[in-house]
Each structure stands twice: as C-alpha cells, then as structure tokens.
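Participant: just coords:
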C-alpha cells in the first residue's frame, strides 16, 4: 500500500533525494567507495559543500556578507550558541511555542532576556501581535513555525532591531528577507535532509561583538573561517541536503514551494472547517501553519479519535498522531509533500464522516 | 579496479554495513518509507538505539553505572563538554598530538590545567611515559590513538585518578577497562560509522559535581536522562553504527579486532623496516599505532615521494598521503580493513623498491 508520510520530523523527502543518497552510499561518483567512507576533504566532496552553500544563497537570495554553515548538534544546540555568540547585554524573545520557550530558557544563562509576548497561557493557539521590542536589545529571537502547535509567521516581521530566527520547520517554504536577520538556523530534518545536520546562516559582521570566551566549537567564527570544515562535518546528511536543494531549484524555487504549501494547507484546512467531525486547534486563522496542520475531533465526536487514527493508518497515512501537548492529529506537510497525499487524507476524513 | 581504502577518516566500513544502510535508506524494514524520513521516536527506530547501546556495553564489557550516548558535533565538541561537565578545579592532560593539544586548549577556559607531559618538541614521535599525575585533579585526559602522528597507547594506563579518553580512532580495536574512566568519547567516523555521530560512555555518578551552569545540550545529564533522545539524534549514522557493532560481534568481538589490527600492523611495519626506500616516523616502536601507520621515504630516496604516491594510487591505494604535519604516507587500517588490502600496499612497496 502507498504510504503518505505526514511525519513531523524527520520527515518526507523527495524520492529522488532518497534514491541518489542510497546510490552514493553504495558507490560515490563511480569511485568504488561509499559516501560513508570518503574523506570530507576529498576532492570530490568539497564541491558538495560548495554547491550546497551556493544553492542556499541563491534560493534564499542571501545578501553579500553572510555565511552559510553546516554543523552538528541540531537546533537545540543553537539555542545556546545564539546567546553565546550574540548576547552581550540583553535579548528579546517571542514565546510562541515549546521550542521558542526552550530557546529563551537557554539564553537566560547568558544575559538579560525579555519575553516580549507569549501565547503560552492560551495554549499557543495564536502568535502574539501587539508587542514592543526594546530598541536596545542585541537581537530579537523568533521561531517562524511552531511545529507542535501548528502556528506560523507567514512573512518577515517589521522590527527595528536585528532578528534571529529558528526556521527549522519552514525553511525554503517561502521567500525570506535575510537582511533582517543576523542569524537564521535550523535542524535540517524537516524540509531539507535527514537528521544530523544543522544549517546556520550568519551575518559575518555581527560576530565578534561579545566579550565572553566562546569555546571553539560553539563559536560561529570558527566555522565561518573554515567553511564548515573545522572538524569532520556530517557528510551523508550534507550530501542529502544538496540533493534536496537541487530538487527545490528544479521545481521552481521557494516561490513554487510557497505556492504548493499554501495549496496543500488551503485544501486541508477547508476540509477541517467543513467536516463536522473535526476542528482546527489554532484560533487565529491567519496564524495557521502551512507546514504542520493540527486538528482534533469536534467536541461531540471526541470518542472517535482512536477510531479515526486507526482508520487513517489503515489507509496508509503515517505520522498523523498529534503531539501529546495538543492531542488529536497533526498532518505535517513539508516541501516534499505531494498534493495527492493531502487529498488522500481528505478522502479519509470524508469517508470517515460518512460512517458517522 | 579494486580500491584499497586507507582513508584516515571518514574511512573504511564493512561492505555489509554500507549495503544495509543503503537498503534502509531505500526502504526501512519494509515500511515503504526511507530511514531518512522516519521519526526518531518511531516504534521501529527506538530498538536501533537500544540495541546499539546494548552492543556497546557488551562488546566493551562496560560495568554497571555507565551510560552510552549518541550525540552530534564530533569529538571536537567533547573537548569543551568534558571540562564543562567534569572540571571543577584542576584537570591533567597528556599532550601526545594535535587532538590532545586541542582538547587541552579548550579545557583551559574552564579551570586550572596541568600538562603532565608532552612529546610536542620531538614532533610527537613517541608517547611520554615518565610523568606524575597530580593526585588532586578532577580527571586525567588522554588521547589513546594519535591519528596524525601514528602513535597509540596499546593498553589502559595505571594512574590513581579517574581518566577521560578520546578514543575516536581506536575504539573497538582492543579491550578496554572502562572502570578506569569516567568518560570515553569519540567521533564515530573511523572505526564505527559515517561522520555525524559522536559516542560518549559516561559514568553516571561522575556527573553533577561541578558548580557551574551547563547549557542544556552540553550537559551529559540531559542526554543520559533522555537516552540520547532529548532532541533528534543523527538517525542514519546511528543506524550504520548499529550495523558495524553487529559486524564486530559476529567477527568475534574486540579481541578479534585486536588480533587483526596487530596482524595488519606487524605486516606493514615489517615491510617499512625492511624496505630500503621507506622508514617509519615513530621513534618509539612500542608506541607505533595499529590504526594509523605513518612512514616516509628514507632520506636518500626523498625525491621519490610523489612518484610512490602516484604509483600506489594507480594500483588502487586510496588515502595514503600523510597528514601535512608529518608528510610522507599514512596507511590507516581501521577495524574493517582486510588484510588483503595491507598486502596489496606491501606489494606496491616491494614492486616500487625493485624499480629503484
């Protein structure tokens, strides 16, 4: 049976990315060696990193003066690396979900922090809008898509301070004005690559401004200076990321990814709003995520939750169980998600509705 | 042409590890999904981590009270995590090479450090033996195999303080008395897996003894508490590591790995010592590494270096160019290296000798 992969992360990748990576693991570029056993400094691997960096810059239209890094450790490691590198006196954070809150928690050990707004008390069902960002902060940190709660900032904010953004779960799903940010980072395992590589886009002249000692590996400058080759980078995930970047470009770039994301989300939210059995969890419709579409059973059908999960699973839906913080269902629809899979889920919802 | 993979890292892996990983990337356990796009919390991935931890404990005979972690970031990240977690007042380091020196450098920012001995002035051509480790240090840090200079500690040391060891390049190549260590760590990309996963063996009751704040991701306790699942771990490298661990067990465990390592090294060093064209770089023969066998052209044949590299490369030898710090040649012979490849290199050396 055809599987429809709605996993929240690690998550769906284009089939050609999977096949090219498997092939490179069996035999890399006809070398007689596996991608897993070649030196990261080999003549035929450096071009992989170089092209991945170039495609990042091209696809996101990154201005001059920025570096693109591929590191290990995941976005959670960036939660401490960001304040290590940028927080001298004070930083502002927008609390829009579990990951945003974790990022803020790490920063507190490095200096003064200001939570400019939070929707935590309302179960993160919307993204706060009316708040002031203090003009004297070193940066303002946002999480552009909240994977667990299904809210998303669909456009760059207008604030008068440099921004830092965790874009783990919506990178390459829309155009970004990178010039507004001193740092954009994310784990790759949603829209880009298998788990094990973290991307960081960093503004070069924002570095070197804090007075604290920074351990070598936690200092972005180390990796900028060495082009992500200070130590052995995660070779296989970087190779897979390059295949995804090529795929995104071939499909039409981030504008096309955005069009598809909106199409998928519009289809699925329309069904959630129409179908008597379900309701969306995000109260502010303009904040509904295109990437993680969260819904629960309508109150009068609460007891059908386990039945629907079983029904949809039997039809080939994978990974639609909601996060335990929200319950219900979450259909994660990252860049590689075909519209056919969204339609298959909608078909499930309609068929299940007819049964009740 | 058959390739003989002497890469220093990332480096040779057993063919079945490569094939099983490629297959899992195409279709994981018949699930219809790729290993790259399943959740790390999926029911069929948790057993991978569990079995990898169990095999670590079994193969290295790890006593009760230790945890095995799989992290990102590489051994270089451990250079700061070790003092972050263990250095309260004073730590001792043995300076036996580039990586040992880097580990010491990171520790200096965290407390008092003592370099108990160093062979740096002699080009790291031996491992210092006559030194005293102060009794009041929090730990004594060693690098058991020095990849660049080709020296190795072939047995655990006898000291009266807890040890920490970087075993990146010789893990699973010999039995280890883990009870002598509070922490053993290493990048996996030599004897275990592709780049992107770092193993850490940590003594549980050695944690929690420093007074400083430790960022969440840098705190070993975080990963002990969550079984390496605090955040998304590097799924593909961990899967490949499991396949290698199974292979090591099936081959006869670390005793058999040690026997093969010694056999390969004895063969190659014998040829280096016999062949008039070459000489070994390590002056203390008892310190010669079984993992990284370094040699240069004998003085009167210095001008043949480029010729031999070309000659051997044409015969299928890969990665034998020495590190720029040492020059000449380095044949890295990790666990998966077949004796046939070592013989092929010896044949090259003998054939080249006949030509001159």
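Facilitator: Arrived safely, thanks for sending. Predicted, not measured: the structure shown is a model, and the values here were computed from it.
Participant: is residue A:295 in a helix, a strand, or coil?
Facilitator: strand (DSSP: H, G, I helix; E, B strand; the rest coil).
Participant: any idea how far it is from chain B?
Facilitator: Using CB to the nearest CB, to the nearest Å, we find residue A:295 at a distance of 19 Å from chain B. C-beta coordinates here come from the backbone N, C-alpha and C atoms, glycine included.
Participant: so that residue is in contact with residue A:272, correct?
Facilitator: Yes. Look at residue A:295 against residue A:272 with CB atoms under 8 Å: they come within range, at 4.7 Å.
Participant: overlap in contacts, these two.
Facilitator: A:278, A:279, A:280 (CB atoms under 8 Å, 6 or more residues apart in numbering or on different chains).
Participant: what is the last one paired to in the beta sheet?
Facilitator: Going back to what we said before, that points to residue A:280. residue A:295 (DSSP bridges).
Participant: one step back: which among the shared contacts of residue A:295 and residue A:272 count as buried?
Facilitator: Neighbour-count burial (16 or more other CB atoms under 10 Å in any protein chain shown) applied to the shared contacts of residue A:295 and residue A:272 gives A:278, A:280.
Participant: could the shared contacts of residue A:295 and residue A:272 go into JSON lines alongside pLDDT?
Facilitator: As requested, the shared contacts of residue A:295 and residue A:272 are exported to JSON lines (pLDDT from 0 to 100):
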{"residue": "A:278", "pLDDT": "98"}
{"residue": "A:279", "pLDDT": "97"}
{"residue": "A:280", "pLDDT": "97"}
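Participant: and which of the shared contacts of residue A:295 and residue A:272 is nearest residue B:91?
Facilitator: Using CB to CB, residue A:280 is the member of the shared contacts of residue A:295 and residue A:272 that lies nearest residue B:91, at 54.4 Å.
Participant: can you pull the contacts of that closest one?
Facilitator: Here residue A:280 is in contact with A:150, A:269, A:272, A:273, A:288, A:293, A:294, A:295 (criterion: CB under 8 Å, 6+ apart).
Participant: of the residues you listed, select the buried ones using a ChimeraX command.
Facilitator: Entered in ChimeraX, the line below selects the buried ones among the contacts of residue A:280, by 16+ other CB under 10 Å:
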select /A:150,269,272,288,293,294,295
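Participant: quick one: which two of the contacts of residue A:280 are the most distant?
Facilitator: A:150 and A:273 (14.1 Å).
Participant: now do the same for residue A:44: its pLDDT.
Facilitator: Per-residue pLDDT puts residue A:44 at 86.
Participant: no, scratch that, I was asking about residue A:325
Facilitator: 89.
Participant: and the contacts of residue A:280 as CSV, adding distance to residue A:250 and pLDDT?
Facilitator: CSV is the format used below for those (distance: CB to CB, whole Å; pLDDT from 0 to 100):
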residue, distance to residue A:250, pLDDT
A:150, 29, 98
A:269, 28, 98
A:272, 32, 98
A:273, 34, 98
A:288, 29, 98
A:293, 26, 98
A:294, 31, 98
A:295, 32, 98
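Participant: and which of the contacts of residue A:280 is nearest residue A:316?
Facilitator: residue A:293 (17.5 Å).
Participant: quick check: chain neighbours aside, which residue is closest to the closest one?
Facilitator: In space, and not counting its chain neighbours, residue A:293 is closest to residue A:331: 4.6 Å by CB to CB, 6 or more residues apart in numbering or on different chains.
Participant: which bits of the stretch 151-300 of chain A sit near chain B?
Facilitator: A:187, A:189, A:193-198, A:213, A:215-218, A:230-237, A:240 (CB under 8 Å from any CB of the partner chain).
Participant: filter those residues down to the buried ones.
Facilitator: A:187, A:189, A:193-198, A:215-218, A:230-237, A:240.
Participant: low-scoring pLDDT stretches of chain A, where are they?
Facilitator: For chain A, no stretch is flagged by pLDDT under 70.
Participant: what about the helices in it?
Facilitator: Per DSSP state H, chain A carries helices over the ranges A:15-26, A:46-59, A:75-86, A:98-107, A:220-225, A:235-251, A:253-274, A:305-314, A:339-354.
Participant: residue A:119 and residue A:127 touch, don't they?
Facilitator: Yes. Residue A:119 lies in contact with residue A:127 (CB under 8 Å); the separation is 6.6 Å.
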